[in-house]
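*Asks:* quick one: sequence and predicted model below, then my questions.
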Amino acid sequence: MTAYNLPFSSQSDESLLYGASWYPEMWPESEWPVDVAKMKEVGFTLMRLFEFAWKRFEPSEGVYDFDWAVRILDLLHEAGIQVMIGTPTAAPPAWLTSRYPEVLGTKADGKREGHGQRKHYNAHSRVYREFSKKIVAKMVEALGSHPAVHSWQIDNEMSGFDYGQETREAFHAWLAETYGDIENLNRIWGLDFWSQAYDDFSQVPLVVANVGSIEQPERHHPSLVMAIARFQNEAWTRFIADQVAEIRKGPEVLITTNMTGTINAMNWWEHFKVLDRSGASMYSDLSYYHYNYIRFDRLRGEKDAPYWLLETAPNWSGGGPVWNIHHDERGIRAFTWLSMLMGGSMVLYWQWRSHWAGQEMQHGTCVSQTGQWMPGKDAWQQMAGEFKTHGKFLLENPAQKGPVGILANCENAWLFSIDPIHPDNRYADRLRDKVQMPLVRHHYQRDLLHPDADFSAYKVLLVPQLAILPEGLQARLAEWVEAGGQLMLGPLTGNRTTEMTLWRDSNYGGLEDLMGAGQTLRFSPHWVEKTIEVVFGDGTACHPEIWCDAFAPRADTEVLARYRGGYGDGLAAVVSRKLGKGRVVTVGCPLSEERLMGLFQQLAEAVDVHPLAEGGDGVLCCPRVDAATGKLTALGLVNTRKTSTTIHIPVSGRDVFSGDQCGPGVPLAPLQVRLLKVAASE
Amino acid sequence: MTAYNLPFSSQSDESLLYGASWYPEMWPESEWPVDVAKMKEVGFTLMRLFEFAWKRFEPSEGVYDFDWAVRILDLLHEAGIQVMIGTPTAAPPAWLTSRYPEVLGTKADGKREGHGQRKHYNAHSRVYREFSKKIVAKMVEALGSHPAVHSWQIDNEMSGFDYGQETREAFHAWLAETYGDIENLNRIWGLDFWSQAYDDFSQVPLVVANVGSIEQPERHHPSLVMAIARFQNEAWTRFIADQVAEIRKGPEVLITTNMTGTINAMNWWEHFKVLDRSGASMYSDLSYYHYNYIRFDRLRGEKDAPYWLLETAPNWSGGGPVWNIHHDERGIRAFTWLSMLMGGSMVLYWQWRSHWAGQEMQHGTCVSQTGQWMPGKDAWQQMAGEFKTHGKFLLENPAQKGPVGILANCENAWLFSIDPIHPDNRYADRLRDKVQMPLVRHHYQRDLLHPDADFSAYKVLLVPQLAILPEGLQARLAEWVEAGGQLMLGPLTGNRTTEMTLWRDSNYGGLEDLMGAGQTLRFSPHWVEKTIEVVFGDGTACHPEIWCDAFAPRADTEVLARYRGGYGDGLAAVVSRKLGKGRVVTVGCPLSEERLMGLFQQLAEAVDVHPLAEGGDGVLCCPRVDAATGKLTALGLVNTRKTSTTIHIPVSGRDVFSGDQCGPGVPLAPLQVRLLKVAASE
Amino acid sequence: MTAYNLPFSSQSDESLLYGASWYPEMWPESEWPVDVAKMKEVGFTLMRLFEFAWKRFEPSEGVYDFDWAVRILDLLHEAGIQVMIGTPTAAPPAWLTSRYPEVLGTKADGKREGHGQRKHYNAHSRVYREFSKKIVAKMVEALGSHPAVHSWQIDNEMSGFDYGQETREAFHAWLAETYGDIENLNRIWGLDFWSQAYDDFSQVPLVVANVGSIEQPERHHPSLVMAIARFQNEAWTRFIADQVAEIRKGPEVLITTNMTGTINAMNWWEHFKVLDRSGASMYSDLSYYHYNYIRFDRLRGEKDAPYWLLETAPNWSGGGPVWNIHHDERGIRAFTWLSMLMGGSMVLYWQWRSHWAGQEMQHGTCVSQTGQWMPGKDAWQQMAGEFKTHGKFLLENPAQKGPVGILANCENAWLFSIDPIHPDNRYADRLRDKVQMPLVRHHYQRDLLHPDADFSAYKVLLVPQLAILPEGLQARLAEWVEAGGQLMLGPLTGNRTTEMTLWRDSNYGGLEDLMGAGQTLRFSPHWVEKTIEVVFGDGTACHPEIWCDAFAPRADTEVLARYRGGYGDGLAAVVSRKLGKGRVVTVGCPLSEERLMGLFQQLAEAVDVHPLAEGGDGVLCCPRVDAATGKLTALGLVNTRKTSTTIHIPVSGRDVFSGDQCGPGVPLAPLQVRLLKVAASE
């Protein structure tokens, strides 16, 4: 196994942290010590508190009460349990929303949000931003210096775009600031189309930008919808930054928040810039664990520190009014450990004790509302011990990053949400199912990277469907390839301007220079996908999907595959060129997993990148490396299936849990977790 | 066959009544005698009139015209046909809704209802209530003493909740009256949850309470949604009572209305309290006749008198703009007779003569708009004769009630509508398919009873999913069990407070005393239902559904079944205890039909309750008993299938229709109806 | 093959016209000559321009600029390319909609349309009508006399009903004008039904008339919904006529517009009355080409001149944000030629050059936004040549009309949309699939005719589901039958009044005289369709669909088929009578294709009407006749399938494309087009 000179997390935590969310405000003070004793019994080390407690902190405008919270922090501190404080802005109290109704959000259908749910505020609201800053400032003042406090979380699972009047005015101001004058906007959005040109920014409609889905309620000008998605996200970035600024006024502390999903309407990469740690909520049944792998790959890739899993189910979760089960203790242990092994240093369950009222009574918890242990206690207690025992080793031997990177960002997800080209072209799903999961299944360690990330230490980069190429990326990629990088571009990469229009001079707006080819034809294989093929030099073939670009290769460019049948018959579908010490391969259409991996492996082998293991369907390999040398020191193996399997690894090691000496063949029982400390290799 | 000392209907009618709805206001007066002659020809004895005739009665505000109606009543009276008068409030005239638009309902989406449909009013509207009382008072004055009048119907198929401003204000007043002060409401609804606590009742939103379905448009606080369902129903109860009070000012007369469905958003049990007879509209194709059996069981159980079927199809019905066929004359006869045999004394078809205009032109009728007979005339004529011949016997030998009762109410339907726990947990459907239909198929006579009903004479009671146990019920059940009752509790019975919150002290809020067990665990089998089992002492087993409670039995409690696999492995799933002369069995999860009936039969046999028959798939058994002794005197048998079958009964008797001497084996042709007068038994 | 004395198009064009839409306003003037050169290269002869260029013509209110447009016309004229000018009213500019927001449409949900789409105006708006007339007048003044101008198109794919306040007021005025006084409306709509009667026209709601679908959002009074559909269409007719009147003020020129669909909410037959040529947009994949055949049959039947296909895909089309492929060059050629052979004289592609911005970037085009040829160029170039070579012959030998006519109109489509009777009763779909396509498959030439059309020269007429029989039609049909016409009436023909109510005296309102029979019974076979039959005299049978009328034949009327089973058992289902020299057959229910064609062929043979060919599944036969004698001079044959086939024709001829001498067997390769000039026959 190769020792890559790879990036890894240089910052870390002191120990693996383990716990749950707790809402003590739902319970009489007399029950608090009983709960804390149970937390201690099971071995939890960190609890998340206060995220919906605004009304208790500020019962009426300007009247504050933090004494009760201090008493809870005291109790936990005495028990040796740390605390993450959640800012309570996801649930503004009724006095605020009734006195200042302008803080309420306005939904896509034009209706005002109402009290009784969460997230009913408008992140654009100036009044709400002021109230949010003030409550956070008061919390920092009252609680920020308490020794129990480990970290802060901003709000809770933020999301949503606003369509109210204040937001509309803000949008017009944003347009003016962004585009200068209306003629400029008319020109660059091509508003001669359908006589759409505006005379004034105030005429521009704030249309629904449902950029998390390919179902758009209206079919508006793509450049406009994209602008709205950008504008709406800026409000969220500012909303988070406002609160962070207040917390930073207090003692130094780590700050995070819990994103949901992977790539959707919220530009989490942007929002996380001011935060110290990447964090997420993740709920999935065993059968859908793969929904989370790409999130781990992204969280790990994002910060120079372990990520935090801020919410997951201790046994089951309640997806709305119905239940969504997580399976048994083995499944819970597999997932909890998987998060730690993939690069996390904290797992918190949602939640500690069942709500006895409200919308979330059905959620799985650690303790029932009557105070009984719920299913899972033995597993939690076991893991608490394991995290204590192995935490230091894992923190000193962080998860490997790279050597493969996949570049993705939100703007391109929005682009294909607005203009999907093909009914199956769901950007985030395809990224997971057609690019990342093939790498997982072939046991290549990979990170999901924002194009702005420093990818200089990576060996192979995949850049699929990055239609809008961020400014400067082409030059950075070229430099990296010249230094030896192996780059796979496309499909659908580089064919749109920043404003989501098509290029008018050359189809890729200059990316042709890097590709070593121009475009001769573009066409959709929709409805005839099964009758046309992409045929490689060795005779292997697959059916193209979604979209086909055919290339006109330049002199120094080799054709690796051609279309057979249909409009593009005989034209180049995959081209390759050497550039400096590296190589650029450009694919004109999504390929089958087999053909994609065939191409990928050629690139990988050229830079000595090999799979971590072979076989072991459903087993996740989690390489850990020496923080000083980057050498592989351990390998986490998690069998995510309910069947036994054997995986073959090129090293051998001793499993810290069972004591088994394993390798090259490593048997895994259903849902078994292994952490092999590897014998020194190479 | 056992002679139970059972409840039966002590009040009755003088004869079986048979007829249809008629809208003479659609026709010139010259055609009325032609229609009446046809009614007489076919043998109809009661017609329902006037339910949408407000505009004709009050052409403009305060101007009344009842002369035409008197002339119709005269005509019918001369022909010996009685009349049920419908109050016309389902269709307020345009002058009313345009001059007083505040009477119009407001839909869940906030839109005002408009003219041109029915039921466009708001039952909360003070103005509408006054107009409704006035038109009814005027009708009573003008028509109430006419000798043709047999009875009154209130409005027509009432339904719907209102979300307008007047209703919102009424809701706030209702909350204040119900909960006293806002802090009390905050406390008992647990509104520290998500900082939901209110400062003032006026802040509480009137959210959509879609309690007839498990699809809720918004996910609001369950206690709030439940409160709204209760509040909305109180308006309907009051609306009905208003009209009844006006009618009671006239001559003594029977009053009813036509409910739809069985257990839905309308708390019909409550609404019917001021009415004399239970009544319903029922439309179903032959293939869906079982949709109606539970309604018959409920109507029979509700009043101490035969029920009335106020609307059913004479041949087919028009479900909206498309047709919904009822099958041929045999099917019509089977269903009409079934209603009479199950405990009814009136069947009215909808409707007499086809509308020549409007939304319901396609409905099946007795006579076409051109005056021709429609399909079914021979069957109607035959039945009219049969009802005349056998009416006296049937009225003197009413339908048996009990010996088995199923307790159900609307609040628990609403509860599982708001918080279904599992996507298949449709309360009313499960009650029908998983509890009542198994009893039907095994030929046990049963009633669907409201928990407030007097169940003292019943032998076996089933209490499934009565999560909110009405006040006082536990004590009444305990007393009944001690006197010998056989009680099956659960699943999901007793685990919620009246306010739909969870109990905080013990999981069943004290019902543990009756169950003889506490709860050790609750979990959802969702997604793993097929991999875990409930295993009984004799080795029989089934897969649990929806929800699982596991029990900690007390000393005097026997474990009948345990979970195998999953969270609850080895824990008690069904427990049983003796209490006085009776027995309480508590089930922790819905069982398969086979296992449920196995348990049930043990309880039934202990109190000498046996099936009425064996075999005869699709045959409904309708026992009739001597009103004085409760002894079985006749057995109605209706084959609801299009195939022949044979049913085995423990008695023998002579079929009044065919003259056949039958029993123990009774052959039934497709859709055949038999009424066996049984030879004295036991 | 018989020489019918048939109608055909007496007016014609000078040549077959071929081209595309072009939006030069999206491009810098410097690129215009490049595009024009390409058009010339490929051989295009007509381009459609300006349909969305309002903002460029009138940048702000009252300020006009047509110079740029003149320069484009000059360029095209120099290149010998003609121009169709589109009026730009489908896309009003932002200055108009923001200064006069009352011109914006109001959707069915009550929401105002917004800028950024097309068709956001209200055709009822007095202000918008004035602006529309003014811009058209200005265009006529500036461009109308330019020698490049060949024709005008009104707006673009007009559609939509309006539900705003101005429209509501107009509706009330329309009602007053149409019905005189409110009591008259109450009476003829039967508004005693549900107390719906109005006191004043202003009370009548403008409800949603979703008459293009059988899904109605509300279930309102059918007569009201029908009135709204009529009222809304009158606005469209007037809107079109307004613009036509402006164009007629300029030089004499042909005017058309592009309808979509066949029979839907827009009463195109009415709208086209003031236009010179029938025209349409048509997009369909090869697999759905049959969606268009009925449109060709309708367009050909409508005007006394060849029709124009104003939009179709040059390769693929973008149905919203996703692609809808048209298949390869053979498919494009097959469809383009098919349109010409069926009776067209113009085919325009949508569009010339890809939009580089906006909602329609994905549409297939002739030239990409970067100026590259898109797939299809060879086919277009080939066809341009063929149209030049064979145009004169085809224009002098127009497409045959008749000898079979199918009568249909929009009002009856709306009727069955409002009151479909059966969930499968989609009028336009059934007309296509159950009546027209059987004739296509059996190679009978047929036209889809409006009942007002002059059908005197037709030999056989089919009149299915013409529930509302237009005034005077019965007399015209009777006269035509007496002169020898073969008429098939029904099912469902004649059973409604003009106001969509049922007849009260006789079921067919007097059509009984023509049918030679009355109705004895009507019933729905819904849910029992498979168990009942219509049995013909020769023992052949089929299952009835949708609706069944049973007849009481008069003395001179013969029964051809009877029902077996169900309500109508033994009653007459199909009746026939001689009338003068002709025959009337009335069918009581939709028949199977086999039984329908059996009946049809008897009628056809009686007047010497025979199929054009036999066999050749998927081949369309397009007879062309000598304009002077009506004799068959050529036969177009288009194989619309991707498989080879052979068709047998009763003539022989030489294929102008291949030179093959063909007949009686004519082999056709996949998607092959043949045009046989036939040897003189008979």
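*Replies:* Right, received. Where do you want to start? Residues are numbered from 1 along each chain as shown, chains lettered A, B, ... in the order given.

*Asks:* which residues in the stretch 201-350 of chain A form helices?
*Replies:* Ranges of helices within the stretch 201-350 of chain A are A:222-248, A:268-271, A:290-302, A:329-342, based on DSSP state H, counting those that start in this stretch.

*Asks:* out of these, which comes closest to B:L49?
*Replies:* helix A:222-248 (58.7 Å; Cβ to Cβ). Bear in mind the C-beta positions are built from the backbone N, C-alpha and C, glycine included.

*Asks:* which strands and helices sit next to that closest one?
*Replies:* Counting contacts by 3 or more Cβ pairs under 8 Å, 6 or more residues apart in numbering or on different chains; DSSP states H and E, helix A:222-248 is packed against helix A:126-143, helix A:165-179, strand A:254-256, helix A:268-271, helix A:410-418.

*Asks:* give me the domain ranges for chain A.
*Replies:* Residue ranges for the domains of chain A, per automatic domain parsing: A:404-606, A:614-678.

*Asks:* and the longest one, how far from the chain's centre?
*Replies:* The offset between the C-alpha centroid of domain A:404-606 and the centroid of the whole chain comes to 22 Å, using Cα atoms, centre = their mean, to the nearest Å.

*Asks:* and the end-to-end length of it?
*Replies:* 13 Å (Cα to Cα, to the nearest Å).

*Asks:* still on that earlier bit, so which of the helices of the stretch 201-350 of chain A comes closest to A:T97?
*Replies:* helix A:222-248 (16.6 Å).

*Asks:* quick check: which ranges of the stretch 551-682 of chain A have low pLDDT?
*Replies:* Residue ranges of the stretch 551-682 of chain A with pLDDT under 70: A:680-682.

*Asks:* and if you look at the stretch 251-400 of chain A?
*Replies:* Those would be A:319-326, if you go by pLDDT under 70 across the stretch 251-400 of chain A.

*Asks:* can you count the residues close to A:D429?
*Replies:* A:D429: 15 surrounding residues under other Cβ atoms under 10 Å in any protein chain shown.

*Asks:* quick check: next helix or strand after the helix or strand hosting it?
*Replies:* For A:D429, the element it lies in under DSSP states H and E is helix A:427-430. Remark: after helix A:427-430, the chain's next helix or strand is helix A:437-441, criterion DSSP H and E.

*Asks:* which elements pack onto that following helix?
*Replies:* helix A:290-302, helix A:593-606.

*Asks:* isn't A:K388 up against A:L17?
*Replies:* No. With contact defined as Cβ atoms under 8 Å, A:K388 does not count as touching A:L17 (10.8 Å).

*Asks:* list the contacts for the residue positioned nearest the centre of chain A?
*Replies:* Taking Cα atoms, centre = their mean, the centroid of chain A lies closest to A:T262, which sits 3.5 Å from it. If you count contacts by Cβ atoms under 8 Å, 6 or more residues apart in numbering or on different chains, A:T262 has them with A:294-295, A:298, A:428, A:432, A:448.

*Asks:* just the buried positions in stretch A:216-228, please.
*Replies:* Across stretch A:216-228, burial judged by 16 or more other Cβ atoms under 10 Å in any protein chain shown covers A:216, A:219-228.

*Asks:* so what's A:L596 closest to, chain neighbours aside?
*Replies:* A:P438 (6.1 Å; Cβ to Cβ, 6 or more residues apart in numbering or on different chains).

*Asks:* and what of A:V136?
*Replies:* Per Cβ to Cβ, 6+ apart, closest to A:V136 is A:E246, 4.2 Å.

*Asks:* measure the one you found to chain C for me?
*Replies:* 38 Å (Cβ to the nearest Cβ, to the nearest Å).

*Asks:* next, count neighbours for that residue.
*Replies:* 22.

*Asks:* what does the one 4 residues further on give?
*Replies:* Other residues near A:G250 come to 17 when the count uses other Cβ under 10 Å.

*Asks:* contacting residues around it?
*Replies:* A:140-141, A:144-145.

*Asks:* assumed A:G566 was part of a strand.
*Replies:* No. Counting by DSSP: H, G, I helix; E, B strand; the rest coil, A:G566 falls outside a strand, being coil.

*Asks:* how close does it sit to A:L599?
*Replies:* 21 Å (Cβ to Cβ, to the nearest Å).

*Asks:* related to what we said a few turns ago, and A:K388 and A:L17? which has more neighbours close in?
*Replies:* Using other Cβ under 10 Å as the criterion, A:K388 and A:L17 rank with A:L17 on top: 23 against 14.

*Asks:* I'd guessed the more buried one sits against A:M47; true?
*Replies:* No. Using Cβ under 8 Å, A:L17 makes no contact with A:M47, being 10.0 Å away.

*Asks:* need the overlap of contacts for these two.
*Replies:* A:82, A:348.

*Asks:* now do the contacts for A:H220.
*Replies:* By Cβ under 8 Å, 6+ apart, the residues touching A:H220 are A:205, A:207, C:116-117, C:359.

*Asks:* also A:S592?
*Replies:* A:542-543.

*Asks:* A:G19 reaches A:V83, doesn't it?
*Replies:* No. Assessed by Cβ under 8 Å, A:G19 is found out of contact with A:V83, at 9.1 Å.

*Asks:* list residues touching both of the two?
*Replies:* A:46-48.

*Asks:* tell me the one of those nearest A:G630?
*Replies:* Using Cβ to Cβ, those come closest to A:G630 at A:L46, 29.5 Å.

*Asks:* what residues are bridge-paired with that closest one?
*Replies:* A:G19, A:Q82 (DSSP bridges).

*Asks:* distance of it relative to A:K133?
*Replies:* 26 Å.

*Asks:* more crowded one of these two?
*Replies:* The neighbour comparison of A:L46 against A:K133 (other Cβ under 10 Å) goes to A:L46, with 23 against 16.

*Asks:* show me what contacts that one?
*Replies:* By Cβ under 8 Å, 6+ apart, the neighbours of A:L46 are A:17-19, A:81-84, A:150, A:346, A:348.

*Asks:* now those residues as TSV including distance to A:L309?
*Replies:* Below are the contacts of A:L46 laid out as TSV (distance: Cβ to Cβ, whole Å):
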residue	distance to A:L309
A:L17	10
A:Y18	10
A:G19	11
A:I81	18
A:Q82	16
A:V83	17
A:M84	12
A:H150	15
A:M346	6
A:L348	7
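
*Asks:* closest to chain C among the residues you listed?
*Replies:* Chain C lies nearest to A:L348 out of these, by Cβ to the nearest Cβ, at 39.7 Å.

*Asks:* verify the stated contact: the closest one with A:L309.
*Replies:* Yes. Checked against Cβ under 8 Å, the pair A:L348 and A:L309 is within contact range at 6.8 Å.

*Asks:* for chain A, which residue gets nearest to chain B?
*Replies:* Counting by Cβ to the nearest Cβ, chain A gets nearest chain B through A:A357, at 2.7 Å.

*Asks:* ok, that residue - how many residues close by?
*Replies:* By other Cβ under 10 Å, neighbour count at A:A357 equals 25.

*Asks:* excluding chain neighbours, what is closest to it?
*Replies:* Going by Cβ to Cβ, 6+ apart, A:A357 has B:G190 as its nearest residue, at 2.7 Å.

*Asks:* next up, the contacts around the one you found.
*Replies:* A:26, A:355-358, B:223, B:501.

*Asks:* follow-up on the earlier one: for C:A280, which of the domains of chain A is the nearest?
*Replies:* Of all the domains of chain A, it is domain A:404-606 that lies closest to C:A280, at 22.6 Å by Cβ to Cβ.

*Asks:* and the stretch 351-500 of chain A, which residues reach chain C?
*Replies:* A:418-423, A:499 (Cβ under 8 Å from any Cβ of the partner chain).

*Asks:* need these in JSON lines (columns: secondary structure and neighbour count).
*Replies:* Below are these laid out as JSON lines (DSSP: H, G, I helix; E, B strand; the rest coil; neighbours: other Cβ atoms under 10 Å in any protein chain shown):
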{"residue": "A:I418", "secondary structure": "helix", "neighbour count": "25"}
{"residue": "A:D419", "secondary structure": "coil", "neighbour count": "24"}
{"residue": "A:P420", "secondary structure": "coil", "neighbour count": "22"}
{"residue": "A:I421", "secondary structure": "strand", "neighbour count": "23"}
{"residue": "A:H422", "secondary structure": "coil", "neighbour count": "20"}
{"residue": "A:P423", "secondary structure": "coil", "neighbour count": "14"}
{"residue": "A:E499", "secondary structure": "coil", "neighbour count": "17"}
